[in-house]
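Enquirer: Need a 3D model of the sequence below.
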Amino acid sequence: MALVKRLTVSVRARSAFAASGAVAVALVLASLALLVVLHDSVRASAVATATARAHDVAAELTADGAVTSGVNLAPGFGDESSVQVLDGGSVVAETDEDVGDGPFVTVQLDVAGVSGADRVVVRQSYENGAETVTDAAQALLVAVPLLVLLVGALTFVLTGRALRPVERIRARTAQISHTDLGMRVDVPSTGDEVARLAVTLNEMLERLDDAQRAQDQFVADASHELRSPLAAVRVELDVAARRPDEVDWHSTLATLRGSNARMQTLVDDLLVLSRTADGGVVDRAHEVDLDEVVERVGFAARAPSLDVEVVSDPVRVTGSVGELERVVQNLVDNACRHASAHVRLTVRRDAGDAVVMVDDDGPGIPEADRSRVFDRFVRLDESRARAAGGSGLGLSIVAGIVASHGGSVHVTTSDLGGARVVVRVPVTGQDSSRAMR
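Expert: As a prediction, the model looks like this:
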């Protein structure tokens, strides 16, 4: 079977065809209307001339009172008409001229008080006017196609000029690849739709560039974080392989288990971050009693050396119970690591949002670092051991999950003296209020 290539027509050609077609239809209709009006005008003029001639003859007959040889039936100069005077259907007087075979109009006028005549008939030719209409039609047959061609050519040229910036944008965009997202398209100074298209493309490229940079940084950070536990495993195995008889296997196994646990925690956190970025992986359409989640996590965190206070009002949100519990758990773990002796969890309703606040009496977070703590692999206290400080993904996971639930998270200063992390998530339905400690 032969392959049939689809005929593609450029935007310029389609615009030219459309403009030419529209103009052609308009000009044809206008030309027909003009010819009809012109023809009616010529014919009306002939009727008026014939009517006037009939009245003149009737007036002369009435004045004489009878048909005489002196009645003037001759037409005026340049007047192509014929006149007949009738009496009971018989012609009693008429002109010698004949209007011929050309188009003509007939006007009949009854007369009274005239002996031997009762009607005047005038036939008026409008052949000259009909020729004028024909000449106009022939002129339009030439002018209309020329005008259509002119409009099509102008539309083709002007559309090409208008689309020239679009072609430059297309060519520039074709040069951009995933390895060079820093390139941008030139924005025309026209301020029209094409300029707005260029601005939108640049904004999209900016977002793609930021996403690519963030992905590259994420991969680099994950590789860096995995390097330490992998290096520890390799060292322990190398030592054990070289001196198997001198190795303290209990210490070696403890080190390997610790490194494995750190890698497992890091991988789990990375999977959670990946799921929060993909809205189709996790079902977030369940109704969740957020106060129960806060109470469950808060009560489980209580310890003899740490006072964990829980203040809750019934609040219901729509989302994933597992993810929301992970948010509260990460915040509580972070607060417990930094607190001196007191941590407070608060959940309440504020207008259309459920608000979860986690306070501690620790050293707090400097204002300059309050937005940076939600970045991946950020540890403000670099002197702490990685095992004690976590993977550096806890607050990043919190920010990702909260954003996937349509909420927000930020850090302020707590009235306990340390940090306060505030999470806001849209509520579901109406809730009563209660407090518990």
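
Enquirer: what ranges do the helices span in the stretch 151-300 of the chain?
Expert: Along the stretch 151-300 of the chain, counting by DSSP state H, counting those that start in this stretch, helices occupy 193-242, 249-277, 290-300.

Enquirer: Worst mean pLDDT among those?
Expert: Of all these, mean pLDDT reaches its minimum on helix 249-277 (a mean of 76).

Enquirer: Which strands and helices lie in contact with it?
Expert: helix 193-242, helix 386-389, helix 394-404 (3 or more Cβ pairs under 8 Å, 6 or more residues apart in numbering; DSSP states H and E). The way it works is simple: take the backbone N, C-alpha and C, and place the C-beta from them, glycine included.

Enquirer: tell me the most buried of these?
Expert: Comparing those by mean neighbour count (mean count of other Cβ atoms under 10 Å), helix 394-404 ranks first with a mean of 22.

Enquirer: Mind checking the helices and strands packed on helix 249-277 for the one nearest to A74?
Expert: Each of these was scored for nearness to A74 using Cβ to Cβ, and the closest is helix 193-242 (73.0 Å).

Enquirer: And the closest one, how far out from the chain middle?
Expert: Computed by Cα atoms, centre = their mean, to the nearest Å, the chain-centroid distance of helix 193-242 equals 32 Å.

Enquirer: how many degrees apart are it and helix 249-277 in direction?
Expert: Counting by axes from the mean of the first three to the mean of the last three Cα atoms, to 10 degrees, helix 193-242 lies at 170 degrees to helix 249-277.

Enquirer: re earlier: what would the helices of the stretch 151-300 of the chain look like in CSV with distance to Q175?
Expert: Output for the helices of the stretch 151-300 of the chain, formatted as CSV (distance: least, Cβ to Cβ, whole Å):
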stretch, distance to Q175
helix 193-242, 12
helix 249-277, 29
helix 290-300, 50
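
Enquirer: Please identify the one among those helices that comes closest to A63.
Expert: helix 193-242 (78.8 Å).

Enquirer: re earlier: could I get the helices and strands packed on helix 249-277 as JSON lines with distance to S90?
Expert: Shown next, in JSON lines, are the helices and strands packed on helix 249-277 (distance: least, Cβ to Cβ, whole Å):
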{"stretch": "helix 193-242", "distance to S90": "81"}
{"stretch": "helix 386-389", "distance to S90": "131"}
{"stretch": "helix 394-404", "distance to S90": "107"}
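
Enquirer: Identify each buried residue in stretch 112-120, please.
Expert: Buried residues in stretch 112-120, counted by 16 or more other Cβ atoms under 10 Å: 114, 117, 119-120.

Enquirer: distance between the ends of it?
Expert: By Cα to Cα, to the nearest Å, the extent of stretch 112-120 from end to end equals 11 Å.

Enquirer: what sits against the closest residue to V57 other than its chain neighbours?
Expert: With Cβ to Cβ, 6 or more residues apart in numbering as the criterion, V57 has its nearest non-adjacent residue at 4.9 Å, and that residue is V120. Contacts for V120 (Cβ atoms under 8 Å, 6 or more residues apart in numbering) come out as 54, 57-58, 61, 83-86, 108-109, 111.

Enquirer: One more: V233?
Expert: By Cβ under 8 Å, 6+ apart, V233 lies in contact with 256, 259-260.

Enquirer: now swap in R172 and tell me
Expert: Counting by Cβ under 8 Å, 6+ apart, R172 makes contact with 183, 185-186.

Enquirer: Same check on V11?
Expert: Here V11 is in contact with 159, 163 (criterion: Cβ under 8 Å, 6+ apart).

Enquirer: Now it: phi and psi?
Expert: Dihedral pair for V11: phi -60, psi -40, per degrees, to the nearest 10.

Enquirer: pLDDT score for it?
Expert: Per-residue confidence (pLDDT) for V11: 83.

Enquirer: Kindly report the same for T8.
Expert: For T8, pLDDT reads 59.

Enquirer: Domains of the protein: list them as residue ranges, please.
Expert: Annotated domains of the chain cover 11-68+75-146, 193-275, 282-426 [automatic domain parsing].

Enquirer: Now which of the contacts of R172 would you call buried?
Expert: Judged by 16+ other Cβ under 10 Å, buried ones among the contacts of R172: V185.

Enquirer: Might one say that V423 is in contact with L324?
Expert: No. Contact criterion Cβ atoms under 8 Å: V423 and L324 do not qualify, at 9.2 Å.

Enquirer: I'd like the contacts of V233 as TSV, with neighbour count appended.
Expert: Output for those, formatted as TSV (neighbours: other Cβ atoms under 10 Å):
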residue	neighbour count
L256	16
S259	20
N260	13
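
Enquirer: Mind checking which of the buried residues of stretch 112-120 are in strands?
Expert: Counting by DSSP state E, the buried residues of stretch 112-120 place 119-120 in strands.
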